[in-house]
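**Q** A structural model of the following input is requested.
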Amino acid sequence: MQQPPPYVPQGGAPPPAAMVTKVELTISCQGLRDADVFSKSDPICVVYSTDSGRMQELGRTERIDDTLNPKFQKQIVVDYHFEEVQKLAFHVFDIDDHSNDVKQADFLGKCEATLGQVVSAANYKKPLDYNGANYGTISVQAQEQGGMQKCVKMTLKGVKLDKKDFFGKSDPFLEFHRQLIDGSYALAHRTEFIKNTLNPRWRPMKINTRRLCDNNPDTVIKIDCYDWNSNGTHDLIGSCLTTLADIEEARPGKAWALVNPKKKSKRGYRHSGEVVIEEVEVLREYTFLEYIQGGCELNFVVGIDFTGSNGDPRDTSSLHYLGGRTPNQYTQAITAVGNVIQDYDSDQLYPAYGFGARLPPTWQVSHQFSLNGDPANPDCHGIAGILGAYQQCINSVQLYGPTNASPIVGSVAKMAREALHQQQAKEYYVLLLITDGILTDMDQTIHMIIEASELPMSIIVIGVGDADFEDMERLDSDDKLLSLGTRVAKRDIVQFVPFRDFKNATPARLAACVLDELPGQVAEYFNSKRCHPPTEPETNREPPPSYYRAASSVSVMSRHG
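**A** Predicted coordinates for the structure are as follows:
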C-alpha cells in the first residue's frame, strides 16, 4: 500500500491548508476607578497587540453606562498561535460621549499579558495599573471558537470494483470531499492506493469532522474511488454521496454503491462496485486548547551539551562563551523556546541537566547532571533560573565527552511514564535538547525515542555550531516513522533544527519553527489514549450576537522576523 503522489486529481482539489485556531476573549472588570462626579464611570475596554513594541488595536468592547463592575458582552476574536509569544495590552477607559474616541476619554487602568497566559488560565485575573497604583481588577476568559470537535474513525473496503487496468485489475484509492455553499467540493481526506485488486481494504482512517463537513451533520460528503496511475491521470471508478449523520448511524456492513456518471446511461448498468464499512466510530476529540484549558500542563525539561567539542568556555570562539555582547547560541535557544513554554507550566519549575562533562570533586564523566548542582532536585525556577544555573555550571565543570543523550531522554521518559498512570491528560513533557554535534550513542537514543513515542512526551533538538547535522535529521521523522531494526515508533515526537538556519532571524522565528508541531502532538497523543482533560472544558456556551463577532474579529498573526 502506497500514498498517491501530490497532485490535483480529476474532480478533486489539493489538500486543505491548516485551519487557524481562533479564540474569543470575554472581558469583565471589578472595582474600577470612578472618574465621574455625579454618576459612575462609563467603561469600555480596548485590546491591543504589543508585539515588536508597536501597539495595534485588535478590538474593543461596547461601552456600559454607570458601572464600576462591567461585564462586557462583546467578545474580541483573535488568532491564536501556540508557537509565538503574543503580547496583549488591555486598556480601560471612561467614555462620556458616544464618539468612542479614547483620546478624549478618562484612562481607568491597564494590564499586560500574553495570549498564552490568558488561554492557559480558566479565568485570567490581574490588577489594573493606574499611574503605578492598582485600581480594580480585570478578568479575561478565553474560549476556542468552533465548539465541540469530533472525529470519524473507520475502516473501509471495496467490493467488486470495476477493472480499469488493461494488464491488471485496478489500483484503487478513495477521496472524501465536503460540499461547499456554492455546490462545489473541497478535498478533506485521501487514502493510500492498493495495487492490483478489485477488493481492496484500506488502512483505518481518522478524519476530523470540521475538515470532513464543517461539523454540520447534514453537509453532503462525496466519496470518489479512483484507479491510481503513475502518470497522474487517475481514472474515476465511481462516486457516492453521504452525510455525517448517515455515517454516525451506520453499522458494520453498510454499503455505498459507487456510480460512474459516464456509465449511468448504459442499459443494465447498476454500479461500479461498493464501498463497505467494516468498522466505524464517531468520537469526541479534544483540541490542544481544550486540554490546556481543562488543566493539562506542559512540563519543560532542558538538556545541554557540555562536551569538549564546544571549545574552551574562556575562548571567544567557544559555543559556551558567556562574555560576548550577544548571548551564545545555547542561551538564545533556551530563551526562545522557554519564553513560549513557560505560559503553560503553573509552578515555573524546570528540571535542567547537562551531559558530557567531568564533575568535581572526582572529575568523573557524567552523562546526566543537574545544572544547579543538586542531584536530588534539578529544578530551576523560571527561565532566568535555568540560565543562571547554566552560567554557574559552565565555570565549575570540565567539558569532555562523549556526546551521549540517551540517559537524559530516558530520564524524561521515566517522568512521562509516571504521568501516564494518572489516566487523565494532566501532564505532557517537552524536552529541549541542545547539542553541538552528532550523538555518539545514536542507536541508544533512537531506542529511547521509540519507547518515548508511546508516552506523553515530545523532544525538541537544536543543533548549535557549524557541525554536519545530516545524521541528526534522521531523528526528525516527518516522512516516515523512526525505526531501529524491527522496532518502529508509534508517532513522530522529535523536531530537529540547526540553529545556524536562524542566526539572522529573531528568537521568535526559532521558537515558531521548533514548536509548530507541538500542539498537534499533544492533542494526537491524548486523543489516541482516550484521555480526557482533568476538567471538562466549556464548549456549549451560547455564542455572542453575529454583530459582535463580525465587529471584533481581528487577527494577531504578526509573524516575527
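**Q** the nearest residue to residue 324 once chain neighbours are set aside - how many residues pack around it?
**A** Leaving aside its sequence neighbours, residue 324 sits nearest to residue 316 (CB to CB, 6 or more residues apart in numbering; 6.8 Å). C-beta here means a position set from N, CA and C on the backbone, and glycine is covered the same way. The burial count assigned to residue 316 is 9, neighbours taken as other CB atoms under 10 Å.
**Q** surely residue 316 touches residue 326?
**A** No - here residue 316 does not reach residue 326: they are 11.4 Å apart, not a contact under CB atoms under 8 Å.
**Q** roughly how far apart are residue 400 and residue 48?
**A** 50 Å (CB to CB, to the nearest Å).
**Q** the more surrounded of those two?
**A** residue 48 (20 against 17).
**Q** would you say the more buried one is within a helix?
**A** No - counting by DSSP: H, G, I helix; E, B strand; the rest coil, residue 48 is not part of a helix but strand.
**Q** quick check, pLDDT for it.
**A** Note for residue 48: predicted pLDDT of 96.
**Q** could you report the distance from residue 491 to residue 311?
**A** Counting by CB to CB, the gap from residue 491 to residue 311 is 36 Å.
**Q** residue 173 too?
**A** Taking CB to CB, one finds residue 173 at 53 Å from residue 311.
**Q** which helix or strand contains the residue of the chain most remote from its centre?
**A** When distances are taken from the C-alpha mean of the chain, residue 267 lies farthest, 53.3 Å away, according to CA atoms, centre = their mean. Here residue 267, judged by DSSP states H and E, is contained in no helix and no strand.
**Q** who touches residue 64 in this structure?
**A** Residues in contact with residue 64 (CB atoms under 8 Å, 6 or more residues apart in numbering) are 42, 43, 44, 70, 71, 72.
**Q** what about the last one, neighbour count?
**A** Taking other CB under 10 Å as the criterion, the count of residues near residue 72 is 20.
**Q** same check, this time on the third one
**A** Residues near residue 44, counting by other CB under 10 Å, number 22.
**Q** which residues does the spatially closest residue to it that is not a sequence neighbour contact?
**A** What sits nearest to residue 44 in space, not counting adjacent residues and going by CB to CB, 6+ apart, is residue 63, at 4.4 Å. By CB under 8 Å, 6+ apart, residue 63 lies in contact with 42, 43, 44, 95, 100.
**Q** mind listing what the first one touches?
**A** Each residue near residue 42 by CB under 8 Å, 6+ apart is listed here: 36, 63, 64, 65, 66, 67, 94, 95, 96.
**Q** list just the nearest of those residues to residue 230.
**A** residue 63 (64.5 Å; CB to CB).
**Q** now do the closest one against residue 248, distance only.
**A** Counting by CB to CB - residue 63 and residue 248 are separated by 45 Å.
**Q** tell me, how many residues neighbour residue 509?
**A** Residue 509 has 18 nearby residues by other CB under 10 Å.
**Q** how about the secondary structure of the residue found closest to residue 71 once you drop the neighbours it is linked to in the chain?
**A** Excluding the flanking residues, the one nearest residue 71 by CB to CB, 6+ apart is residue 28, at 4.4 Å. Under three-state DSSP, residue 28 falls in the strand class.
**Q** does residue 28 really touch residue 128, like I thought?
**A** No - counting by CB under 8 Å, residue 28 sits too far from residue 128 to count as a contact (11.9 Å).
**Q** mutual contacts of these two, please.
**A** Joint contacts of residue 28 and residue 128 (CB under 8 Å, 6+ apart) are residue 138.
**Q** more neighbours: which of these two?
**A** Set side by side, residue 28 and residue 128 give different neighbour counts by other CB under 10 Å, the larger being at residue 128 (23 against 17).
**Q** which residues touch the more buried one?
**A** Residue 128 touches 29, 32, 92, 108, 109, 110, 111, 134, 135, 136, 137, 138, counting by CB under 8 Å, 6+ apart.
**Q** which of the residues you listed sits closest to residue 457?
**A** Looking across the contacts of residue 128 and measuring by CB to CB, the closest to residue 457 is residue 111, at 34.4 Å.
**Q** tell me which helix or strand that closest one sits in.
**A** Per DSSP H and E: strand 106-114 holds residue 111.
**Q** what do you get for residue 137?
**A** Using DSSP H and E, residue 137 falls in strand 133-144.
**Q** could you do residue 333 as well?
**A** Residue 333 belongs to helix 329-341, assigned by DSSP H and E.
**Q** before we move on, the earlier item: helices or strands up against the next helix-or-strand element following the strand holding residue 111?
**A** Toward the C-terminal end, the helix or strand that comes next after strand 106-114 (DSSP H and E) is helix 115-119. Where contact means 3 or more CB pairs under 8 Å, 6 or more residues apart in numbering; DSSP states H and E, helix 115-119 is packed against strand 21-30, strand 76-80, strand 87-94, strand 133-144, helix 288-293.
**Q** go with 10 Å
**A** strand 21-30, strand 76-80, strand 87-94, strand 124-130, strand 133-144, helix 288-293, helix 329-341 (3 or more CB pairs under 10 Å, 6 or more residues apart in numbering; DSSP states H and E).
**Q** any weak-confidence spans in the protein?
**A** By pLDDT under 70, the low-scoring segments of the chain are 1-20, 98-99, 146-147, 537-561.
**Q** look through it and tell me its longest helix.
**A** Determined from DSSP state H, the single longest helix within the chain is helix 406-420.
**Q** how about it: buried residues?
**A** Residues 406-413, 415-417, 419-420 are the ones in helix 406-420 that count as buried (16 or more other CB atoms under 10 Å).
**Q** one more: stretch 258-278?
**A** Per 16+ other CB under 10 Å, stretch 258-278 contains these buried residues: 258, 259, 260, 271, 272, 273, 274, 275, 276, 277.
**Q** would you mind listing the two of the residues you listed that lie farthest apart?
**A** 260 and 277 (21.0 Å).
**Q** residue 198 against residue 158, yeah?
**A** Yes - between residue 198 and residue 158 there is a contact under CB atoms under 10 Å: 7.2 Å.
**Q** anything in contact with each of these two?
**A** 170, 172, 237, 273 (CB atoms under 10 Å, 6 or more residues apart in numbering).
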